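[1] have a look at this prediction, sequence included:
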Amino acid sequence: MTTAASATTASAGGAPVADARALGLAHYAARGVLEHVLARHGITFRQQIALRAAVTADAPQSPDDLVAQVRTSLKADPADIRTALDELLAGRLLVTDGTRLRATDAGRELLAAVGAETAPVSARIWGGIPAEDLAAAGRVLTTVTERANAELATLTG
């Protein structure tokens, strides 16, 4: 007898079917790898996301702009994001530039070091997956993200 739970875990051919649980498990496995590397550098996942937002910005951002950008990515409490920004300022990975925040050379170097350390791990994780599978997964994940963001907007709006 096929139950609803077992029907979502395998296709007719026995291959696993993407669902919320599979997505969550993949996310937390990959995040666990990244957080292990980040911990060696004394930075948290939230701090890394905020620092990356500052580093990749075309110009220094206001604290509110960085909070909004990080919140869009992480769906985190703005107060927690502000705490992460304060920690990055205290660690001199961000500095104030008038009313704006910008990454320091140390912040850029930290992200480069984390990237260099995670690159070979990422290559092992993603390597060998056929391009057409990655493209299909990308399309599905984009759709899921758009739908989940719309649902969240309905719930919080």
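    Nice, thanks for sending it over. Numbering: from 1, shown residues only.
[2] now the element after the helix or strand of the chain with the lowest mean pLDDT, going C-ward?
    Lowest by mean pLDDT, DSSP states H and E among the helices and strands of the chain is helix 4-7, with a mean of 45. Per DSSP states H and E, the first helix or strand lying C-terminal to helix 4-7 is helix 20-40.
[3] and that next one, how far out from the chain middle?
    Centre-to-centre, helix 20-40 and its host chain are 9 Å apart (Cα atoms, centre = their mean, to the nearest Å).
[4] name the helices or strands packed onto it?
    Secondary-structure packing of helix 20-40 (3 or more Cβ pairs under 8 Å, 6 or more residues apart in numbering; DSSP states H and E): helix 45-56, helix 105-126. For glycine as for every other residue, the C-beta is placed from the backbone atoms N, C-alpha and C.
[5] same thing but at 10 Å, please
    In terms of contacts (3 or more Cβ pairs under 10 Å, 6 or more residues apart in numbering; DSSP states H and E), helix 20-40 is packed against helix 45-56, helix 105-126, helix 131-156.
[6] looking at these, which is closest to residue 21?
    helix 131-156 (12.7 Å; Cβ to Cβ).
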